[in-house]
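Asks: Based on what follows, work out the 3D shape:
(chains A, B and C)
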Amino acid sequence: MDVFVPRTLDEALEIKAARPDAVPIAGGTDLMVELNLNRRRPRALLDVSRLAELRRCGREDGAVFLGAGVSYTRVIAELPECVPLAQASRAVGSPQIRNRGTVGGNLGTASPAGDALPVLAAYDAEIVVATRDGARALPWAQFLVGPKQTALPPDGLILGARWRIARGPGSFSKVGTRNAMVIAIASLCLVLDEEQRAVRVALGSVGPTVLRAPDAEAYAAEAMARAGTWDDPAALPAPREIEEWAQRVAGAARPIDDVRGTAAYRRHACAALARRALRWALEDRRAGGRA
Amino acid sequence: MRVRVRVNGAWRTAEVWPGASLLALLRDALGLCGSKNACEQGECGSCSVWLDGELVCACLVLAAQADGREVRTVEGLTTGEDLHPVQRAFVEAGAVQCGFCTPGFVVAVVDLLSRDPDPDEPRIREALSGNLCRCTGYQKILDAVRLAASKLGGSSP
Amino acid sequence: MPRIIKQRVEFEGRVEERNVVIEGDDLPVWPAGERFQVIGTPVTRVDGAQRAGGTARYTADLYPAGVLHGAILRSPHPHARIRALRTSRAEQAPGVRLVLSHRNTDAIPWYNGMSRIFDTELRYVGDEVALVVADDAAAARDALDLIEVEYEPLPHVIDPLEAIRPGAPQVHPQGNVLGGAPERYARGDVEQGFLAADAIVELDVTTPDVLHHSMETHGSVAWWEGDTLVIWDSTQHIFGVRRQVAAALRIPLDRVRVLSPFMGGGFGGKNNAGKHTVLAALASRRLGRPVRIVFTRAEESQAAGKRPRSVQRIRVGARSDGTLVAIDYWGVSSIGAYRAIGTPLAGPATELYACPNVRAETLNVFTHTGPAAAFRAPGYVEGTCALECAIEALADQLEIDPLELRLRNYAEADQVLGRPYSSKFLREAYAMGARAIGWERRALTPRSPVRDGPPRRGLGMATQLWGGSGSAPAYAEVRLNPDGTAEVRIGTQDIGTGTKTALTQIAAEVLTLPVGKVTLSLGDTDFPYSPLSAGSQTLASCGPAVRMAADEARRHLIDAAASLLEVAPEDVRLEGGRLFVAGVPERGLAIAELTGQIGNFTIAGRGFRGPNPDGVTIRTWGAQFAEVEVDPETGEVSVLRIVACHDVGRVINPLQYQSQIHGGVIQGLGMALREEHVTDPETGAVLDLGFDAYAVPRITGIPEIVALAVDKPDPIANNLGVKGVGEPPIIPTPAAIANAVANALGVRVTSFPITPAKVRAELGRRA
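Replies: All right, here's what the predicted structure looks like:
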């Protein structure tokens, strides 16, 4: 096994071009487990933890750029205004894991249970990837192509994620004790976009990959428009409309029945999360926090 | 491959398998067995150490990633025969049973108290959410953290 | 004069006959009200500094010079025959020193003759196929992939109920039921009893496979010093390992020394030598170097034992006033591929309550899964889930307070063996616990299910019955040094419970020395014999022997002082480390002054554990109360508070008593709500190979636990009046939580763990 420890992005991309079999390692929260337990023996490892380009984090041209090498601890400290992302980052593991784990790692492994992914999906984020030939951005849905599958080219590296800053409340929540994969039952990210008068919702752990619920999103946005909620936070959609929204979100879930037979419950949990998330968002707006 | 790490203030060099973790380096190569190997998945915190001042699970750090960096382990907390106040608090509160998880807990608590000298209970629980103990039921570990916080708070001017 | 006596001994829910050698007369029991200096005080761990400081050397921390590392190839099939096995590629891999398999290893019988150390028929995913020994752990693990094995897959059975159907694949030639038939118990006439019942409750209860997951995994490090084998082992029984390894290697007992001075938890999973222990010894003999085999967490999940899942049905009948008239119990324990001992599931149902008509049938069923092992109160945790949930359901049906119902059926004597209890302070435990939780706040269980709305609270309780008497044999030695310090040697082991500290307290008490002047050594078969640290028996077995050894040394001290002080021995007092003439405190000398004046180590004592009293049953008792909050919408359960009050005789160390209670409760909570070891019925593969997928409770989700003790000495059990506390606290916790959930929602989930999905499904079922 070869280990490469590049100091610059250019150097790293040169190595990746020459050795597409080199597996990038940053926080090691997934890959090291596979190495330790003898589940995987890559022919080469590429340490990206020393690349300054991957550690950028902040606002750039009306958008947020989050470098692939930024730890969850830094996300919480440096992007507090991205509330759902900070909430999802807090839900990740433990201090030890948050100090090492990165959104880039979540993207690289593309696990449907990765906590940050529903947030990126709800943000309509782009994933920025680079090869020796340059960088390009892919919409998240084109990047996360399937369960544990991404559109990252063999000679490419994930630089980070970028999304437009939307004004409006939002949240990340989940059912199931954290840190125990078997009972990471469902997670949900809801974002209200005041400028576009749009509702965006994404689900984790309930399908082969992260899922959006476009039908439910359109329904909720229209229900809010009908009720006049977008202009008057005190004017709320009817309870049955919130219930309909919740059921539509649950309808978008594609859970499979595992050994424990929890598909029906996962769907039910999506409805519960959706109902609560929308109520919280509407309460936030009514409480004056229209930002 | 050859890795050079500054451990508890002293530069140490060892030859390790390229895929080896920092934990394997510390234990198998350097004989520093205070950091325990209990899961190798980053789930139990028994191998908690500081890498460049940041609390990490040594099992999730590739040894090569630690090359040229500063590592502090539980062994670095004890001066001679004298236990660190957090270690003393664990003993006094009865927070040590089989003790296999204790060094990892101690490191995590020292890290917590260095950033928040007077943490409330939710904060303590959150800070120790990455450390597993199968014996104590955690009650006396919570006691130990409170005791350590009061001791350290009391001893500083 | 030593004499052999036959004694009926309870161990982990089973009664066995045993011959023990008794060397003389036991000391009288320290009575209630005895005044102590050290006993009963919260002495902190005598080895706390080593454990917290990271300097304690556990087996897993041992890397002797020249050590080689072993890794085990395990079966990928739940049932298969090895057709061919080629090791040459592995043997040629870099760093590899040795590959052991059935082809080059003696057919050492294993699992009570059910298998061999390397069998050619494999009976679970994880069964041992071969061992690779290499220069480092990674090289050994990598070489496993180079061993070429041709397997002939055979039909398998994972589910115990399928395994007892006619035509099911057979795990062993003698059939899938251990012993060929169910274990049966009966008293009275159950059918007649139910005819007299005004209310009958019938419950189907299932409990999951649960893993011990000690923080230190199983491991052994072995080397040879001449023709003597030295083994460091993470074990609950160094003398047992010695006997098993000596038999396997066919070497005399005196050529095997086993050490385990620090041990990172066992919970019943380390009661025996593992195959890895013998393999480390065999490989070390061939290679002439130390060999270390330490399980990965994945191996710990696959092949290190489990509390086996149970399927139970219980029917209880009572008159309208709550008097029990019949209990009918049926249980299946899925013991995996190799467990040789049945699980005592029916223990609580047959003994806990006064009931004239009881029938019980238990089947221990082999399946193609990892072998079951004892796990903290085997059978009784599962059996209590069934009995105590049924009792509380019965109370709800009769509209009688569940605690009152229990008191109305209080068993004053052991109805199974037909004899009295040595002591039973369960009423006291009920009263103390009920007061602490505020049991009078318990609202009536809703008559119809609560499906939505805000989170709801509920209160529930359950009772604990268990052994924990300890028994002979156990021996200890005490010697006094010229400087007045004392040393105690005893061949027990401290598996994390605090044995070392509690035994040190006993010696210090007798010798009137500060704890710091007494050094106790254990975990070495060079020391006097002690039993397995399991069955809550360590303190009650070893403690009386330590007391007697210290007492003998004390008598020698007094005799020596008497001759120096020129008085009769009965006129010498020993208090606070000082020997003096009764009534004349200034006429005396300190222990160190005395031992300094006489020859080195002249003062020594030896002690043994006396026999248990005849004709009585010795039990531990307890009650736990749980308060929960349930979110009806998601089905999530939060445990807010557990009050535990147990009667385990005299408490030697209240700090350690509390720790044991806390730890047991949290393991019980894990089993109640989250922990489940899952085997894929199609492939036989274990789906939880570590803490990522198996939910050991974390500090974030734990409730407040109030640990109370009745703390009354047993008047006859042994010379200390102590019983064990290791297992009692886990026994009632899952049932108490389940009862609290039922009290909150008006529906009863009897399939453990009580996951949100099951709560929701149960609420849906009644819709």
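Asks: Next one: the residue nearest to C:R447 when sequence neighbours are not counted from C:G458, what distance?
Replies: Distances taken as C-beta to C-beta, 6 or more residues apart in numbering or on different chains place C:G746 nearest to C:R447, at 6.5 Å, with adjacent residues excluded. For glycine as for every other residue, the C-beta is placed from the backbone atoms N, C-alpha and C. For C:G746, the distance to C:G458 (C-beta to C-beta, to the nearest Å) stands at 9 Å.
Asks: Which one's more surrounded, the two?
Replies: C:G458 (25 against 20; other C-beta atoms under 10 Å in any protein chain shown).
Asks: Over to the residue in chain B positioned nearest to chain A: give its phi and psi.
Replies: Sorted by distance to chain A under C-beta to the nearest C-beta, the residues of chain B start with B:G130, at 2.3 Å. Main-chain dihedrals, B:G130, degrees, to the nearest 10: phi -100, psi 10.
Asks: so it makes contact with B:V109?
Replies: No - applying C-beta atoms under 8 Å, one finds B:G130 not in contact with B:V109, separated by 12.0 Å.
Asks: Looking at the helix ranked longest in chain B now, give me its mean pLDDT.
Replies: Ranked by residue count under DSSP state H, the longest helix found in chain B is helix B:139-155. Mean pLDDT, helix B:139-155: 91.
Asks: any weak-confidence spans in the stretch 1-150 of chain C?
Replies: Residue ranges of the stretch 1-150 of chain C with pLDDT under 70: C:1.
Asks: Equivalent analysis for chain C, please.
Replies: C:1, C:601, C:766-767.
Asks: Could you tell me which residues of it lie near chain A?
Replies: C:141-142, C:144, C:296-298, C:633-636, C:674, C:676, C:678, C:680-681, C:687-695, C:698, C:700-701, C:755-757, C:760-761 (C-beta under 8 Å from any C-beta of the partner chain).
Asks: In which helix or strand does C:L564 reside?
Replies: Assigned by DSSP states H and E, C:L564 falls within helix C:538-565.
Asks: any idea which helix or strand comes after that helix?
Replies: That would be, after helix C:538-565 and using DSSP H and E, strand C:572-575.
Asks: so where do the helices sit in the chain?
Replies: Using chain A. Going by DSSP H, chain A shows helices at A:9-18, A:31-36, A:72-78, A:83-91, A:95-100, A:103-109, A:116-122, A:140-143, A:214-227, A:239-252, A:263-286.
Asks: my question was about chain B
Replies: With DSSP H as the criterion, chain B has helices at B:22-24, B:85-93, B:102-115, B:121-127, B:139-155.
Asks: Give me whichever of the ones you listed is most buried.
Replies: A comparison of the helices of chain B by mean neighbour count, using mean count of other C-beta atoms under 10 Å in any protein chain shown, puts helix B:22-24 on top with a mean of 27.
Asks: which bits of the stretch 1-150 of chain A sit near chain B?
Replies: A:1-3, A:5, A:25, A:27-29, A:32-33, A:35-37, A:41, A:45, A:47, A:49, A:93-97, A:99-100.
Asks: and with 6 Å instead?
Replies: A:1, A:3, A:5, A:25, A:28-29, A:32-33, A:35-36, A:47, A:49, A:94-97, A:99-100 (C-beta under 6 Å from any C-beta of the partner chain).
Asks: gap between A:E244 and A:A271?
Replies: 10 Å.
Asks: which of those two has more neighbours?
Replies: Using other C-beta under 10 Å as the criterion, A:E244 and A:A271 rank with A:A271 on top: 22 against 16.
Asks: residue contacts, the more buried one?
Replies: For A:A271, the contacting residues are A:246-247, A:250, by C-beta atoms under 6 Å, 6 or more residues apart in numbering or on different chains.
Asks: likewise C:E10?
Replies: C:467, C:469.
Asks: Apply 10 Å and report the result again.
Replies: C:16, C:417, C:466-471, C:535, C:537, C:612, C:617-619 (C-beta atoms under 10 Å, 6 or more residues apart in numbering or on different chains).
Asks: list the contacts for residue 54?
Replies: No chain in the question, so chain A it is. A:9, A:12, A:24, A:26, A:48, A:67-70, A:102, A:104, A:130, A:157-160.
Asks: wait, I meant chain B there
Replies: Neighbour list for B:E54: A:71, A:73, A:95-96, A:99-100, B:111 [criterion: C-beta under 10 Å, 6+ apart].
Asks: And it, how close does it get to C:P153?
Replies: With C-beta to C-beta as the criterion, B:E54 and C:P153 are 48 Å apart.
Asks: can you pull out the helices in the stretch 1-150 of chain C?
Replies: Using DSSP state H, counting those that start in this stretch, the helices of the stretch 1-150 of chain C run over C:48-53, C:88-92, C:137-144.
Asks: Point me to the residue of the stretch 451-600 of chain C nearest chain A.
Replies: For the stretch 451-600 of chain C, C-beta to the nearest C-beta, closest residue to chain A: C:D452, 9.9 Å.
Asks: What backbone torsions are found at that residue?
Replies: The phi/psi pair for C:D452 (degrees, to the nearest 10) is phi -150, psi -170.
Asks: quick one: contacts for it?
Replies: With contact set as C-beta under 10 Å, 6+ apart, C:D452 has these partners: A:272, C:631-633, C:763.
Asks: Is it possible to get CSV of the helices of chain A that adds mean pLDDT?
Replies: Output for these, formatted as CSV (pLDDT from 0 to 100):
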stretch, mean pLDDT
helix A:9-18, 97
helix A:31-36, 94
helix A:72-78, 96
helix A:83-91, 93
helix A:95-100, 95
helix A:103-109, 92
helix A:116-122, 96
helix A:140-143, 96
helix A:214-227, 98
helix A:239-252, 97
helix A:263-286, 94
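Asks: ok, how many other residues are close to the nearest residue to A:E217 once chain neighbours are set aside?
Replies: Excluding its sequence neighbours, the residue lying closest to A:E217 (C-beta to C-beta, 6+ apart) is A:V199, at 4.8 Å. For A:V199, the number of neighbouring residues by other C-beta under 10 Å comes to 25.
Asks: and if you look at the one 10 residues further on?
Replies: Neighbourhood size, A:T209 [other C-beta under 10 Å]: 20.
Asks: Identify the spatial nearest neighbour of the spatially most central residue of chain B, chain neighbours not counted.
Replies: With distances taken as C-alpha atoms, centre = their mean, the residue of chain B nearest its centroid is B:V107 (2.9 Å). Nearest non-adjacent residue to B:V107, counting by C-beta to C-beta, 6+ apart: B:S48, 4.2 Å away.
Asks: how close does that neighbour sit to C:G701?
Replies: 20 Å.
Asks: More neighbours: the two, which one.
Replies: B:S48 (30 against 19).
Asks: Was I right to think the more buried one contacts B:V71?
Replies: No - assessed by C-beta atoms under 10 Å, B:S48 is found out of contact with B:V71, at 11.5 Å.
Asks: Overlap of the contact sets of these two?
Replies: Shared contacts of B:S48 and B:V71, counting by C-beta under 10 Å, 6+ apart, come down to B:35, B:56, B:58.
Asks: Tell me where chain B is predicted with low confidence.
Replies: Using pLDDT under 70, chain B drops low at B:154-157.
Asks: One more pass at 90, please.
Replies: Confidence mapping of chain B against pLDDT under 90 gives the ranges B:79-81, B:153-157.
Asks: hmm, back to that, so who does the residue nearest to B:V107 touch?
Replies: With C-beta under 10 Å, 6+ apart, B:S48 has these contacts: A:94-96, B:35-36, B:55-59, B:73-74, B:101, B:103-111, B:130-131.
Asks: can you pull the contacts of the residue of the stretch 1-150 of chain A found nearest chain B?
Replies: In the stretch 1-150 of chain A, no residue comes nearer to chain B than A:S94, which is 2.3 Å away by C-beta to the nearest C-beta. Listed by C-beta under 10 Å, 6+ apart, the contact set of A:S94 reads A:101, A:178-179, B:42-45, B:48, B:55, B:57, B:108, B:126-132, C:698, C:700.
Asks: rewinding a little: show me what the residue nearest to A:E217 is bridged to.
Replies: A:L192 (DSSP bridges).
Asks: C:G649 too?
Replies: With DSSP bridges as the rule, C:G649 is bridged to C:V722.
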